[in-house]
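Chemist: Predicted model and sequence follow; I will ask about them next.
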Protein chains: 4
Amino acid sequence: MSDENPVVKLLRGQIGQVIDNGFSPAGTWLAGTIKAVESGSCTVDFTVRHEMTNPVGTIHGGMIGLMCDEVIGMAAYSLYNEYHFTSVNLVVDFLSKAVKDEVLSVKATVIRKGRTIINLECIVHNAEGKLVARAQQNMVRTSLKLR
Amino acid sequence: MSDENPVVKLLRGQIGQVIDNGFSPAGTWLAGTIKAVESGSCTVDFTVRHEMTNPVGTIHGGMIGLMCDEVIGMAAYSLYNEYHFTSVNLVVDFLSKAVKDEVLSVKATVIRKGRTIINLECIVHNAEGKLVARAQQNMVRTSLKLR
Amino acid sequence: MSDENPVVKLLRGQIGQVIDNGFSPAGTWLAGTIKAVESGSCTVDFTVRHEMTNPVGTIHGGMIGLMCDEVIGMAAYSLYNEYHFTSVNLVVDFLSKAVKDEVLSVKATVIRKGRTIINLECIVHNAEGKLVARAQQNMVRTSLKLR
Amino acid sequence: MSDENPVVKLLRGQIGQVIDNGFSPAGTWLAGTIKAVESGSCTVDFTVRHEMTNPVGTIHGGMIGLMCDEVIGMAAYSLYNEYHFTSVNLVVDFLSKAVKDEVLSVKATVIRKGRTIINLECIVHNAEGKLVARAQQNMVRTSLKLR
């Protein structure tokens, strides 16, 4: 999965820059920084901001899910599919805490690309390499043509 | 589960008001409006804002998960537990779309309250009563005493 | 969803009998008894046998998942779909124990029937009405024509 | 995780033999063959038998879930925990088919061992190395002392 298709080329051109005006309004709000892209894989860093935390002062589990869902969508997009795929489900396991100002590295990878279903997984590490969360998702092909 | 414990009383006092300065910074960002509370159940309305949407113009799946996770946490909290419970996992099934400015009604309910694990489900409807998503979560007791 | 389509009629004809020679070899092994069928819903009772238990003497979690998957498949089938649908995923939450010789009532219900994806849930109760497990599944349409 | 604790030693002594009289009645029914064991990881091969198939002639999804749940339980057991852990949930993604007489290699691995929760994943390959399914599970500590 390493050929540089147009989407991979586009995303690679943004490596190292904070996403502050992307196609995804939610992605822009998350303000991640793309670190690595291949066809079928994408790694994005996110800084935990105050409004991403819960009453106990750690990152809100739903925010971890949101980060995973965003990067999973980018990894699916990086396949340069003919049709748009949409999320069927999202499963997240929360493994350890993260606090405000921490940088989380979120890596999504296509596990299986079928004609109708794409299955992906996502892992979240903190800066010390500790596993913070794991997610998996199934996406289904829609009739929306992308190219 | 209908006795009015102190948490239920507190949350009921906020019914009808936009949460704009709550204990949960993420909850404040979501800016929901509590509609109903019982011990073990909570319903909150959220308006889909621009920064909650995806490149296709519909609500970002991760934002649905975030809303569910927030209300699930409130439903668990409404049990007035002696100890804080934290999320083990979150599972979301995406069933239909919602767009900017739509109001989503998110209802979380405790399915089983064990000594160590609480199991909850969450359903999301739009204003026309169409099912937008379903979620389920397991939470585990921590050693953090709440009372 | 209450019209009696040919599949509903077929399954209703088997109500009250142990499934000992069905189309599904795994279903035959499970030896359930159909209790109720509608288009989009199916309830089957199963007796927990010795070979369904784990080292602690209670029902093996995977056996609960197997029962759920079987009845979920029947509920999808009861829609009398034009095409065969296959499982994308299965999520099970284990809520309480069951032991050898207990009868478990497994009810699966279609939550949403889309053109490509069917979403279903399943609940498992014991004879005293206690909730033993909950499951949810997404199925995707295949190209195998059923009628 | 490679020290040979008493459980690892026990399980390693059974490598290469069909499990036909194990502690787990369900495991005995599955009749797997242990291929590899470490503390926190276990690989077992299973042959798909007729009674494990569905009406379409392929392995029943629930049987895949059962195999995963069994090996996940062995991987958790291989940690030589002081207390028994029980399953909180099971999530399975079905990725490709398998038919009668195929041998499936099921490998479960501990992802995170906490004091109260163990998180594990499981992957299922066929003899050609094709990915058939992926699963993940959370287990919670019980009060049952094992040693």
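Modeler: Looks like it arrived, so ask away.
Chemist: Contact residues of chain A facing chain B?
Modeler: Applying Cβ under 8 Å from any Cβ of the partner chain, one finds that chain A approaches chain B through A:23-29, A:50-56, A:60-63, A:65-70, A:73, A:84, A:86-94, A:144. (Glycine included, C-beta is placed from N, CA and C.)
Chemist: Now the buried members of those residues.
Modeler: Among the residues of chain A next to chain B, those scoring as buried are A:24-29, A:51-54, A:56, A:60-63, A:65-70, A:73, A:84, A:86-94 (criterion: 16 or more other Cβ atoms under 10 Å in any protein chain shown).
Chemist: For chain A, just list every one of the helices.
Modeler: Using DSSP state H, the helices found in chain A span residues A:6-12, A:25-30, A:61-77.
Chemist: Which strands or helices does the last one pack on?
Modeler: Translated: helix A:61-77. Counting contacts by 3 or more Cβ pairs under 8 Å, 6 or more residues apart in numbering or on different chains; DSSP states H and E, helix A:61-77 is packed against helix A:25-30, strand A:41-47, strand A:83-94, strand A:103-113, strand A:117-125, strand A:131-145, helix B:61-77, strand B:83-94.
Chemist: can you check the shortest one too?
Modeler: Counting contacts by 3+ Cβ pairs under 8 Å, 6+ apart, the secondary-structure elements packed against helix A:25-30 are helix A:61-77.
Chemist: What's the mean pLDDT across the helix it packs on?
Modeler: For helix A:61-77, the mean per-residue pLDDT is 97.
Chemist: Just the CA atoms of it, as PDB, please.
Modeler: Output of helix A:61-77 as PDB, limited to C-alpha atoms (Å, rounded to 0.1, in the frame of the first residue of the first chain):
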ATOM      1  CA  GLY A  61     -13.100   9.500  26.400                       C
ATOM      2  CA  GLY A  62     -15.400  10.800  23.600                       C
ATOM      3  CA  MET A  63     -12.600  13.100  22.500                       C
ATOM      4  CA  ILE A  64     -10.300  10.100  22.100                       C
ATOM      5  CA  GLY A  65     -13.000   8.500  20.000                       C
ATOM      6  CA  LEU A  66     -13.400  11.600  18.000                       C
ATOM      7  CA  MET A  67      -9.600  11.700  17.300                       C
ATOM      8  CA  CYS A  68      -9.700   8.100  16.300                       C
ATOM      9  CA  ASP A  69     -12.700   8.500  14.000                       C
ATOM     10  CA  GLU A  70     -11.100  11.500  12.300                       C
ATOM     11  CA  VAL A  71      -7.800   9.700  11.600                       C
ATOM     12  CA  ILE A  72      -9.600   6.500  10.600                       C
ATOM     13  CA  GLY A  73     -11.500   8.600   8.000                       C
ATOM     14  CA  MET A  74      -8.200  10.000   6.700                       C
ATOM     15  CA  ALA A  75      -6.700   6.500   6.400                       C
ATOM     16  CA  ALA A  76      -9.700   5.300   4.500                       C
ATOM     17  CA  TYR A  77      -9.600   8.400   2.300                       C
END
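Chemist: what about chain A, any weak spots by pLDDT?
Modeler: A:1-3 (pLDDT under 70).
Chemist: Make TSV out of the helices of chain A and add distance to residue C:100.
Modeler: Listed next are the helices of chain A as TSV, based on distance: least, Cβ to Cβ, whole Å:
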stretch	distance to residue C:100
helix A:6-12	55
helix A:25-30	50
helix A:61-77	38
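Chemist: hey, what's the nearest residue to residue A:139 once chain neighbours are set aside bridged with?
Modeler: Excluding its sequence neighbours, the residue lying closest to residue A:139 (Cβ to Cβ, 6 or more residues apart in numbering or on different chains) is residue A:85, at 4.0 Å. Residue A:85 has these beta-bridge partners by DSSP bridges: residue A:141.
Chemist: show me what contacts the residue nearest to residue A:31 when sequence neighbours are not counted?
Modeler: Leaving aside its chain neighbours, residue A:31 sits nearest to residue A:18 (5.5 Å; criterion: Cβ to Cβ, 6+ apart). Going by Cβ atoms under 8 Å, 6 or more residues apart in numbering or on different chains, residue A:18 touches A:31-33.
Chemist: which outside residues touch stretch A:112-121?
Modeler: Contacts to stretch A:112-121, defined as Cβ under 8 Å, 6+ apart, come from residues A:40, A:72, A:75-76, A:79, A:85, A:88, A:108-111, A:134-141, C:88, C:116, C:140-141, D:93, D:95-96, D:131, D:134.
Chemist: Repeat that for stretch A:20-27.
Modeler: So stretch A:20-27 is in contact with A:19, A:28, A:31, A:66, A:70, A:73-74, B:50-55, B:60, B:62-63, going by Cβ under 8 Å, 6+ apart.
Chemist: and that stretch, how far out from the chain's middle?
Modeler: Centre-to-centre, stretch A:20-27 and its host chain are 13 Å apart (Cα atoms, centre = their mean, to the nearest Å).
Chemist: what does stretch A:9-21 give?
Modeler: Centroid separation for stretch A:9-21 versus its chain: 13 Å, with Cα atoms, centre = their mean.
Chemist: Pull out the buried residues from it.
Modeler: Using 16+ other Cβ under 10 Å as the burial criterion, the residues of stretch A:9-21 that qualify are A:11, A:19.
Chemist: how long is that stretch end to end?
Modeler: 18 Å (Cα to Cα, to the nearest Å).
Chemist: Same check on stretch A:7-27?
Modeler: Start-to-end, stretch A:7-27 (Cα to Cα) is 16 Å.
Chemist: just stretch A:35-51 next, same as before
Modeler: Start-to-end, stretch A:35-51 (Cα to Cα) is 23 Å.
Chemist: For residue A:100, see how far away residue A:127 is.
Modeler: Distance, residue A:127 to residue A:100, by Cβ to Cβ, to the nearest Å: 13 Å.
Chemist: more neighbours, the two?
Modeler: residue A:100 (15 against 11; other Cβ atoms under 10 Å in any protein chain shown).
Chemist: residues in chain A within reach of chain C, list them.
Modeler: Near chain C, when you scan chain A using Cβ under 8 Å from any Cβ, you find A:88-89, A:91, A:116-117, A:138, A:140-141.
Chemist: please redo it, this time with the cut-off set to 6 Å
Modeler: Neighbours of chain C within chain A, by Cβ under 6 Å from any Cβ of the partner chain: A:88, A:116-117, A:138, A:140.
Chemist: Which member of those is positioned nearest residue D:6?
Modeler: Using Cβ to Cβ, residue A:138 comes nearest to residue D:6 of those, at 39.9 Å.
Chemist: surely that closest one meets residue C:91?
Modeler: No. Using Cβ atoms under 6 Å, residue A:138 is not in contact with residue C:91; the gap is 11.2 Å.
Chemist: Report the beta-bridge partners for the spatially closest residue to residue A:97 that is not a sequence neighbour.
Modeler: Among residues not flanking residue A:97 along the chain, residue A:58 sits closest, at 4.4 Å (Cβ to Cβ, 6+ apart). Note on residue A:58: beta-bridge partners by DSSP bridges are residue A:99.
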